[in-house]
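A.B. asks: Below is the sequence, then the predicted model.
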Number of protein chains: 2
Amino acid sequence: MRVEVIAVGTELLLGQIIDTNSSWIGEQLALAGLDTHLQVKVGDNVERIVSAIRDALGRSDAVICCGGLGPTQDDLTRQAIALVLDQELVFDEDKADLIRHMFGSRGRDMPDNNLLQAFRPAGSRFIEQQPGTAPGLVCPVSSSGEASGGEKVIYAVPGVPWEMKEMILGTVIPDLRDRSGETAVIRSRTLKTWGQSESGIAELLSDRILELDELGNPTLAFLASGIEGLKVRMTAKASTDDEADVLLADEEARVRRILGDIVFGADDDSMESVVLAALGAADLTLAVAESLTGGLVASRLVDVAGASKVFRGGVVTYASDTKFSLLGVPEGPVVTCEAAEAMATGVRKLLGADVGLGLTGVAGPESSEGRPPGTVCLAVDLAGDISAIELRLPGRRQQVREFSCITVLNLLRSKLEAQGPTSQ
Amino acid sequence: MRVEVIAVGTELLLGQIIDTNSSWIGEQLALAGLDTHLQVKVGDNVERIVSAIRDALGRSDAVICCGGLGPTQDDLTRQAIALVLDQELVFDEDKADLIRHMFGSRGRDMPDNNLLQAFRPAGSRFIEQQPGTAPGLVCPVSSSGEASGGEKVIYAVPGVPWEMKEMILGTVIPDLRDRSGETAVIRSRTLKTWGQSESGIAELLSDRILELDELGNPTLAFLASGIEGLKVRMTAKASTDDEADVLLADEEARVRRILGDIVFGADDDSMESVVLAALGAADLTLAVAESLTGGLVASRLVDVAGASKVFRGGVVTYASDTKFSLLGVPEGPVVTCEAAEAMATGVRKLLGADVGLGLTGVAGPESSEGRPPGTVCLAVDLAGDISAIELRLPGRRQQVREFSCITVLNLLRSKLEAQGPTSQ
């Protein structure tokens, strides 16, 4: 079963928006055992969308169109699909009511053009999931009398990522697997690491990579992901869920043995979620004092559901004098381990937490206090047990901030692990 | 002149890497007055690359292949182009010497497979710029005897972004403009707005859109960009820079007249940079107290170069009791305008700033204090002049946070504008 993805939007061709949707869809298709050999971006022009869909249907069994389902004159995917299918667009009263209701429940007036979204090509159906106001479509294509017999299909999903994702996972992938008769199970698991470069990890795992090249299954891939850490992804194919899970569990155990404690989590874990969970298990609360990261650590922490059980809050002492007045940092240079330690202790006490983190440094582009960009001092105060490190991080402003964030949390993680579970 | 872009690499289809190259190339083509109607991603498979290039040549005058020029077995772009052209790959001694020399000068041994990169299809030439070890190619395609007469062309550039960019700007775009005889200048300008939905803006501008549809130049496009606001992009084409600038200036004046004060900036402005600039001009300093946004406002502010002149810092009072103890918020419910106001005033005083912002609310997914997710209270204390609003924002946790962030800054912007420039 061959699937192609067409991302619709002139803004994608002009580089005003990066097309991340096709990449995400490609990943999900691969995980479902479905091939995708071509992905296309096309502008908001009905003729060109029609050609792109026709060409894709000529090469493939299924086409997923992403974007162009909104209510404006630029949103042409519905019309293009109707032209490809040679079908009328029919108005769906129930869908119109639903869209009106969605606007009403948010206390907003609905501009009339939103009702354009209640049209669908005759013979198609709406996708059940509809997290936003734009409905998705499943449009079967009657086979053109050729020997193949099989029916092809066009899907349309909105370009808004979270709306698109819900529809792809909820309807498109299950429908494609049904159509394909694909029964092989593909499972993957991602280990997340911090503390080694991509080539360093490749060297550590080089023997195992050679073995797996022979075996062909499972496979390993690496991906440097900035503030998310460096990922090691294992993918296994098998005829049943259980077999795939056994393969993966075995591979995970091997890789963990080789990589040791640079592995901080798996799959949906983030450094923040792992640290918050460890603090929660030890019944400890956290506060953060930030200078160069300006609130990044705090905002990453509160992105974790349930953070409020552990995270009490933080301060952003961006102007130097606020470090002295608010956190009791001794007056003097502030890009030092001593200042970072004083910040960690100061915020721990100020917010009544068990653990304090302190981050200070030079994000760049200019030097500060004679220290070059990338110089950062990170400290952890774990109930009075204080430690700090000074690092010279590579990269630009944003990267220095992101690496500071994951590194200080990793420092706390190591400290908690070294200390072991506290008595409850 | 029609140009298509083909990004080569299985990792792009599988979502392991996001294809940002085509987007960047698309932007450069547009700025050079060259159309790009289709962009394609294809995997590391020689037959599929050949088909993709043939299909693109059928539709267009020029094809830019990006990626697949490295020295490994997966790098197949050179071979695919040779097959499309029906030409041999010829070995270029000079290029081989250059590649050997590049390795030598970096003190590295050259693996032999790097010499694969010294092959080029007969009849093609190497691109002059070569910042890395992978050479680029310019491959003219003899026209197939059709009436059109014009010669088509295939370019190949590496997938490494900085190598690709140097070749596109240094050779590909100038060569394309020569071939096309294109002398028109294209300029664009983006206005950024906050306070209206995409369909609301489309309705406000509907008369002008109809006029422009007739005229064909300049053009308008809208783009909802989350925390960046909603963008209105104007693009003008003319024979000289001056003419294009006049068209754009005229259009900008019209659009600004129609949209009024929902326009907060243009081009590289962000809500943060505009607010920081306005505060700087009025010689005012800023502090921020955040609850549901957890440091997002502060971290966005410090992303602006020069923020330290205005931004003193912030506090993240995530646990309710820290709002009471640190900011003097009266004990009681904290999702109220009164609490937001007390936070704004509290942080202003705590950090010795002229202006304080306070954000509190329910990011979701659960309700809090009986208030549904999306309920937010935002306050500004401008040197004792305090105002607050309560809103019900749509979307999920992250979107509620992002909208809260841009909305509270917009509130401050309006207040500063209403107040007018202060005496210096």
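C.D. replies: Arrived safely, thanks for sending.
A.B. asks: C-alpha only now, for contacts and for neighbours.
C.D. replies: Fine.
A.B. asks: What average pLDDT does the longest helix anywhere in chain A get?
C.D. replies: Ordering each helix of chain A by length in residues (DSSP state H) puts helix A:397-419 first. Averaging pLDDT along helix A:397-419 yields 93.
A.B. asks: tell me which residues of it are tucked away?
C.D. replies: For helix A:397-419, the neighbour count (16 or more other C-alpha atoms under 10 Å in any protein chain shown) marks A:397, A:399-416 as buried.
A.B. asks: Which positions within the helix or strand containing A:Ala342 qualify as buried?
C.D. replies: For A:Ala342, the host element (DSSP states H and E) is helix A:337-350. For helix A:337-350, burial by neighbour count (16+ other C-alpha under 10 Å) applies to A:337-350.
A.B. asks: same deal with stretch A:377-391?
C.D. replies: Residues A:Cys377, A:Leu378, A:Ala379, A:Val380, A:Asp381, A:Leu382, A:Ile386, A:Ser387, A:Ala388, A:Ile389, A:Glu390 are the ones in stretch A:377-391 that count as buried (16+ other C-alpha under 10 Å).
A.B. asks: next one: stretch A:87-99
C.D. replies: Buried residues in stretch A:87-99, counted by 16+ other C-alpha under 10 Å: A:Leu89, A:Phe91, A:Lys95, A:Ala96, A:Ile99.
A.B. asks: Ignoring the adjacent residues along the chain, who's closest to A:Gln375?
C.D. replies: For the record, residue A:375 is Thr, not Gln. Of all residues beyond its chain neighbours, the one nearest A:Thr375 is A:Arg392 (4.5 Å), with distances taken as C-alpha to C-alpha, 6 or more residues apart in numbering or on different chains.
A.B. asks: Now for the one you found: which residues touch it?
C.D. replies: Counting by C-alpha atoms under 8 Å, 6 or more residues apart in numbering or on different chains, A:Arg392 touches A:Gly374, A:Thr375, A:Val376.
A.B. asks: Please list only the buried members of these.
C.D. replies: Neighbour-count burial (16+ other C-alpha under 10 Å) applied to the contacts of A:Arg392 gives A:Gly374, A:Thr375, A:Val376.
A.B. asks: which one of these is nearest chain B?
C.D. replies: For the buried ones among the contacts of A:Arg392, the closest approach to chain B (C-alpha to the nearest C-alpha) belongs to A:Gly374, at 15.2 Å.
A.B. asks: chain center to the strand or helix carrying A:Thr190: distance?
C.D. replies: For A:Thr190, the host element (DSSP H and E) is strand A:185-193. Taking C-alpha atoms, centre = their mean, to the nearest Å, one finds strand A:185-193 lying 14 Å from the centre of the chain it belongs to.
A.B. asks: Tell me which helix or strand comes right after the lowest-mean-pLDDT helix or strand in chain A.
C.D. replies: In chain A, the helix or strand scored least confidently by mean pLDDT, DSSP states H and E is strand A:219-224, which has a mean of 81. Downstream of strand A:219-224, the next assigned helix or strand under DSSP H and E is strand A:230-238.
A.B. asks: So that next one, near chain B or not?
C.D. replies: No - if you take C-alpha under 8 Å from any C-alpha of the partner chain as the test, strand A:230-238 misses chain B, and the best it gets is 10.3 Å.
A.B. asks: okay, the angle between that strand and strand A:219-224?
C.D. replies: Orientation check (axes from the mean of the first three to the mean of the last three C-alpha atoms, to 10 degrees): strand A:230-238 against strand A:219-224 gives 160 degrees.
A.B. asks: List the pairing partners of strand A:230-238 within its sheet, with orientation.
C.D. replies: Using DSSP bridges, strand A:230-238 pairs in its sheet with strand A:185-193 (antiparallel), strand A:219-224 (antiparallel).
A.B. asks: Beyond the longest one, next helix or strand please.
C.D. replies: So that's strand A:185-193. helix A:198-204.
A.B. asks: How about that next one and chain B, touching?
C.D. replies: No - no part of helix A:198-204 sits near chain B under the criterion C-alpha under 8 Å from any C-alpha; the closest distance found is 14.3 Å.
A.B. asks: Quick check: mean pLDDT of that helix?
C.D. replies: Taken as a whole, helix A:198-204 has a mean pLDDT of 83.
A.B. asks: Output the contacting helices and strands for it.
C.D. replies: Applying 3 or more C-alpha pairs under 8 Å, 6 or more residues apart in numbering or on different chains; DSSP states H and E, we find helix A:198-204 packed against strand A:219-224, helix A:241-259.
A.B. asks: Show me what stretch A:236-254 is in contact with.
C.D. replies: Identification of contacts with stretch A:236-254 by C-alpha under 8 Å, 6+ apart yields A:183-189, A:191, A:217-219, A:234-235.
A.B. asks: please redo it, this time with the cut-off set to 6 Å
C.D. replies: Identification of contacts with stretch A:236-254 by C-alpha atoms under 6 Å, 6 or more residues apart in numbering or on different chains yields A:Ala184, A:Val185, A:Ile186, A:Arg187, A:Asn217, A:Pro218.
A.B. asks: Next, count neighbours for the residue nearest to the last one when sequence neighbours are not counted.
C.D. replies: Spelled out, it's A:Pro218. Nearest residue to A:Pro218 in three dimensions, chain neighbours excluded: A:Ala236, at 4.3 Å (C-alpha to C-alpha, 6+ apart). A count of nearby residues for A:Ala236, using other C-alpha atoms under 10 Å in any protein chain shown, gives 23.
A.B. asks: Tell me the confidence at A:Ala236?
C.D. replies: What the model reports as pLDDT for A:Ala236 is 90.
A.B. asks: can you check the one 5 residues further on too?
C.D. replies: The per-residue pLDDT reported for A:Asp241 equals 87.
A.B. asks: gap between it and A:Arg187?
C.D. replies: Per C-alpha to C-alpha, to the nearest Å, A:Asp241 is found 8 Å from A:Arg187.
A.B. asks: neighbour-wise, which of these two wins?
C.D. replies: A:Arg187 (20 against 13).
A.B. asks: Around chain B, which positions in the stretch 251-400 of chain A sit nearby?
C.D. replies: Residues of the stretch 251-400 of chain A found near chain B (C-alpha under 6 Å from any C-alpha of the partner chain) are A:294-296, A:298-299, A:302, A:312-319.
A.B. asks: can I see the domain layout of chain A?
C.D. replies: Using automatic domain parsing, the domains assigned to chain A come out as A:2-180, A:185-266, A:272-419.
A.B. asks: From the chain's centroid, how far away is the second one?
C.D. replies: Going by C-alpha atoms, centre = their mean, the spacing between the C-alpha centre of domain A:185-266 and its chain's C-alpha centre is 19 Å.
A.B. asks: before we move on, what about the longest one?
C.D. replies: Centroid displacement of domain A:2-180 relative to its chain, using C-alpha atoms, centre = their mean, is 22 Å.
A.B. asks: So what would you say the end-to-end distance of it is?
C.D. replies: End-to-end for domain A:2-180, by C-alpha to C-alpha: 9 Å.
A.B. asks: What about contact with chain B: does it have any residue there?
C.D. replies: Yes - contact between domain A:2-180 and chain B is present through A:Leu13, A:Leu14, A:Gly15, A:Ser23, A:Trp24, A:Gly26, A:Glu27, A:Leu38, A:Gln39, A:Val40, A:Lys41, A:Val42 (criterion: C-alpha under 6 Å from any C-alpha).
A.B. asks: Need the max-distance pair from those.
C.D. replies: A:Leu14 and A:Glu27 (24.1 Å; C-alpha to C-alpha).
A.B. asks: Could you find the closest non-adjacent residue to whichever residue of the stretch 301-424 of chain A sits closest to chain B?
C.D. replies: Ranking the residues of the stretch 301-424 of chain A by distance to chain B (C-alpha to the nearest C-alpha) places A:Val315 first, at 4.2 Å. Closest residue in space to A:Val315, ignoring its immediate chain neighbours: B:Val315 at 4.2 Å, by C-alpha to C-alpha, 6+ apart.
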